[in-house]
Structures are given as C-alpha cells and as structure tokens.
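In: Sequence unavailable; structure follows:
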C-alpha cells in the first residue's frame, strides 16, 4: 500500500486457467496460487514471496506475487522521493519542480498500479488466446513486460540542427551520456534518454533483449538499426515521469536515405505508435520541408492527436519577422499535414542560454509558451494510463477476431489431403470469409485486421496446423473486456489516495442498523396493522390505556431501569433505540388510526442526539482531531511497515526509536513527546498514538520544540481515547 495510501488494484480472478505472470496454463503439476495482495492467480514460480498485507486483513506474511513485490519496492522508492521533497531539495525555479510535487507523484503511483493490474489481466486472459493463434507473428506486435512498465515516451523529430538534443538538455537541466550538440548534423542515431541508477550508455543490441525495457520488438529492424540505437541512462527527477527519444537529424537528398542501412520511416512509425507525445521541431531560419521530412510527417499522419510543433530559436528574430515566419510555417505544414484541426505550435528558445537581444520584446510570450508546453508534458503520465488501456482493448478485440477467423478457415479445410490447394483458395477470397465470420459472430467490420497483413501472415503458416478454438479462451477474453478493464477505467477516474481509511466503527453501526433497528421497526408496524385488522375497518376505536415502554412487544425486552443505565453500550445488541413511548389517536373523518409516538426522555445525552447511546469514540468525529484523515492514512501505513504485534496491534519503543531519532529533535524533546502520546501507559503505541506522535514531531520541526504542549489538549486526543 505504501506511504501514499494507494493500494494495489484488486483484480477478481477466482477461476482463471492461466498464470497472470507468465501466462502458463495451470495443471496438476503447476498449481494455482492466489496473491493475497492483488487477487490474481499465479503459478508457484511467479509467487514465491511472502509479505504481510494488513490492509487486506493479513498481519502475518502470506503469499504474494512477484508483481506486487515490485510494486512495494517502487513505493519505497517514491517514499525516498517524498523525503527529498520534504527536505526542499528540488528547486522550485527548476523544471523538475513541475514533475515532482506530491500531487504528481501520487498520481503516478496510482497509474503505475493500474498498469500492474492491466498487465495481470493481459497475461491471464488475453495473451493465452494470442499465443494459441500466433497473433504476434501475424502483426509483428509482441507485447512485453517492459511495454507496461515503461514511462510515457516523448519522441522528438526534426531536421538537423533544429535543437532536438538541446531541447532534451534544456528540460533535464544537465548533460546526458551520448549527448552531441553542434551546428552540423551531430546526432546520427536514435537515443532513448531514460531514468537510471548511474550515468551510462547501453548499446542497442543489449537494450533490445532486456525484457524490462520496451524495446524488445526493435530486433525486427536488424543489426544495422540496432547499431544506430542506444539507451542513455542518468538520474533526473523528470525521467521518473517520462522519457525522451532523440532521432537523427533529417537531411535532404536521396543519398542520405540510402546510406542509413535501415528504413527510417518504418522505425519512426514504430516509435510513433508507442509514443505519448510527438514533438516536431523547426528552426526559425529553416522552414523548408525536405522529401524525407515530408515522408516522415506522412507516416505520423495517423497520430495527429499526439503531434506538437515547436518553432525553436524564435528569439533570433523580431516580432514582425516572427509573425511572418509563423505564417510561413503554417502554410508549409498545411501542404503536408492535411488535417481539419490546427496543430498546436509553441514558440520560444528552448535551450539553457539567455534570450537574444532581438527577442527580448517577446519575453513574456516565450515564458507563457514555455509554461503551456511543460503543462502539456506534465499531463502525459496521467493520460498515458488511459491510452494504454485503450490500446489493450483494441488489441484484445483484434486478437478475438483473429482467433475466430483462423478457427473459421480451419473448419473449411479438408480432413486428409488437398490442404495447400484449399488454403490458396481461401486466401484468394478473404473478403467473402470476412463477411461470413462477421455475420456468424455479429462482429463489427471495423474490428477486423487489415486484409493484406492477414493474408501475408497466412502465407507463413498452414491453417490446418492451428489448434481448434476453445470457447473458454474466448469467454475469458470477453470477461476481461466487459468486466475487468471497465473496472480499471472506473478506478482511474478517482484519486484512490483521497479516500479515507475504512473505520470498522462505521461498518459495525451499519450492521446494527440492518440487523437490529430496522427489524424492530418492522415488527412494531406489523403489530399495529394486525391490531387494526382485529378491530374492524369501520369501527370506532376506544382510546387505549397508555403502556409503559417495557410493556411493548420487542424481540429483546429490557427493563426501563436497565435502558437508562449509563453503563449500557451501543453495541450490546439488545438495547431498544426508543427510551419511552406513548400512543395517541389521530382522527380523519370516519377513520381513526392508532399511531405510535416515541418520546425521548430526559437523559445526560445531547438533546439533539439521535436517541442512541454513543460511546466517546463516536461522539467525536475525525474532523475534530488535529491529525487529518490524509495524515492518519499515511502514518497508519508507516505503522504497519514497522511490524506491529499483539491485539490491538502496537509497536514498541525500540521499533519507533529510529524514526523519532531521524527527526533531528533533541533527546529531551523526544522523551517528552513519548510521554505525551503513550496515552495508554503500556510502553507501546497503537496506530492512533503513533500517528499523533508523528504529528507532534512534524509540528515541532516546523514551529520549534517550544510548540510541544505540556499536556495534551482535547483536540490532540485520538477520538477513541476521549
């Protein structure tokens, strides 16, 4: 759950047939184990760890999957980020500040948990269907673990010397390995700038075989490309939120295209399909669009919603020239990018040098454009989760249609001989087979794959060698599309960390209302109706003699003296909510009804109470406590990470001492805080006392040790201890 109060998303998978980690089928020798943290089914190899899961009710270590262990490690890393933010190590004037405030960090943690759940759904319910019918081989679209774990990608495209590498350095505010900046064409390779533990460059061939990175399918472009690809790793706060891909500068001329050794447009298309934002840079002094740039922009045409244009080095021209250059750029783009919508263009000078004197008059404009651009990039982590959910839904629908197509073609094959001849005949009339499958299974034509791609895939396989379609695989895939993925989208709409921790008191009160109070009222109403029926519909009723409260029928009769006893507890289960009662007649024409009127007698309760006897823990709400709900949730998570024991769970002084010492407060102040918060006097702290201790320590760090009270005010006392 972590310091951010964001739990691992629970995915119901009580009857899954495949491991949510490796997609292996469960069998007699490969048993199914449920992860107590996320609810998915895993094989023993993918769930070998044990951890306590207190928020699910497991105080002792229980079996959890490797994915949840990785999520817990990620949470610890984010806790270190929060510690850095608490120490004001991030300069608010730097670009890092936009990506490292606590709202963004919590949102990234929530999105990461959604991606973990999406990965489990894919591995257990969609990938088995793909593997059975060789989906990845047909469409060159293998989905690895790194594709789910990767941060949002920002792809930079442009001609040589327009400032692509300088733009990355401008945002990172530091150099990165493999950086080459100059007026000549310097970047001759694709460079992925990513977060790492240290500064280093990883060659493309090594990066392509690393399952933790999202580059495994780049191997299909061959060694010529991988030799021109590398991953640059460094430590930078911005790279916790997204990563950048720098591309070679585009030159004019056919010779440049032939000398690359790989198809530049196809590689750009691969990155564009996976990118969350595509930035095309132009130099204010070079607005011409070469042939290769034109082909590249045409490749990006299907991703117009991701494209942003940057007119860089705009400070080198004055306002009048800037207006003309902007118009010329839009005119040039209009001939290539044929879109009904206007592409967003950002103006400025995106490098670490001060503005030129010529552009000083546009300084406010450039500052506003910079804010807009960074805000656009800042929203990528949040939008990336929705984009990947959307892409997985499209992939799952395509995989289902692909399996139904293969199954239909297989059923048309002869049993003994003539397979090759029949397959050629079926491939030649795919349009007719598409219509048959669409009508048979009520599928939309838009869900079907490209006929050319499907035909090319069939040429590499024999249809008769595919297995028969298991309806179970299709049903499980449908469950993922109709139940599991929509639940993730619903979770994404809310900030999970904003929900308060569940109070058992609220659950108990609700149960009492359902099991005791409402049935009591129903029995009373039924008793009145039966008495009316016995008297007759038109008869006149004589006023009855008022009865004492204990004379009324009740499933739990109790003397009045006992009801008024101050020792009575709200949860005893046999206390009537009514203190006294009387009956009266109401006249309406010829019909007289007997109505029960309940009068609350004088007591020591609040005269505006609801008639129930509350203990002190319910009278005082969480809002009256100095510890906010958010802080209580955060420190409760830290409390359980210390490994409390006993009932109720408590932590000893030895367990709490390291955290208190790390605060830097004097020993005398810490001793005074311990004496204050150990309200129960047992030499150990429960979760409320621990949260109060953390609050007093935080307040003392801000306002000084003089702010520590000599005695706890009422607002400091936890609600259950007042």
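Out: That came through, no problem. All figures in this text were calculated on a predicted structure; none of them were measured in a lab.
In: Residue 262 and residue 117, how far apart?
Out: Distance, residue 262 to residue 117, by C-beta to C-beta, to the nearest Å: 36 Å. Glycine gets a C-beta too; all of them are placed from N, C-alpha and C.
In: And for residue 381?
Out: Taken as C-beta to C-beta, the span from residue 381 to residue 117 is 16 Å.
In: In terms of neighbours, single out the busier of the two.
Out: Taking neighbours as other C-beta atoms under 10 Å, residue 381 and residue 117 compare with residue 117 leading, 26 against 22.
In: is it true that the more buried one touches residue 489?
Out: No - assessed by C-beta atoms under 8 Å, residue 117 is found out of contact with residue 489, at 11.1 Å.
In: neighbours of residue 437, just the number please.
Out: Neighbour tally, residue 437, other C-beta under 10 Å: 17.
In: on contacts alone, who are the packing partners of the helix or strand hosting it?
Out: Residue 437 is located in helix 430-441, with elements delineated by DSSP states H and E. Judged by 3 or more C-beta pairs under 8 Å, 6 or more residues apart in numbering; DSSP states H and E, helix 430-441 is in contact with helix 380-411, helix 451-458.
In: between the first one and helix 430-441, how many degrees?
Out: Relative orientation of helix 380-411 versus helix 430-441 (axes from the mean of the first three to the mean of the last three C-alpha atoms, to 10 degrees): 100 degrees.
In: What of the shortest one?
Out: Helix 451-458 runs at 90 degrees relative to helix 430-441, counting by the same axes, to 10 degrees.
In: quick one: contacts of helix 451-458?
Out: Applying C-beta atoms under 8 Å, 6 or more residues apart in numbering, the external contacts of helix 451-458 come out as 134, 137, 138, 139, 402, 405, 409, 423, 427, 430, 431, 434.
In: in the stretch 1-150 of the chain, what spans have low per-residue confidence?
Out: Along the stretch 1-150 of the chain, the model assigns pLDDT under 70 to residues 1-16, 74-108, 140-141.
In: looking at the helices and strands packed on helix 430-441, which is buried most?
Out: Most buried of those, by mean neighbour count (mean count of other C-beta atoms under 10 Å): helix 380-411, with a mean of 19.
In: mean confidence score for the helix or strand following that one?
Out: For helix 380-411, the following helix or strand on the C-terminal side (DSSP H and E) is helix 419-428. The average pLDDT within helix 419-428 is 85.
In: How about stretch 447-462?
Out: Stretch 447-462 comes out at a mean pLDDT of 86.
In: returning to that earlier point: could I get the contacts of helix 451-458 in TSV, plus columns for distance to residue 519?
Out: Converted to TSV, the contacts of helix 451-458 look like this (distance: C-beta to C-beta, whole Å):
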residue	distance to residue 519
134	60
137	63
138	61
139	60
402	56
405	58
409	62
423	70
427	69
430	66
431	66
434	61
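In: Sort out which of these are buried, if you could.
Out: Listed as buried from those are 134, 138, 139, 402, 405, 409, 423, 427, 430, 434; burial here means 16 or more other C-beta atoms under 10 Å.
In: Quick one: residues contacting the first one.
Out: I take that to be residue 134. Applying C-beta under 8 Å, 6+ apart, we find residue 134 in contact with 457, 461, 466.
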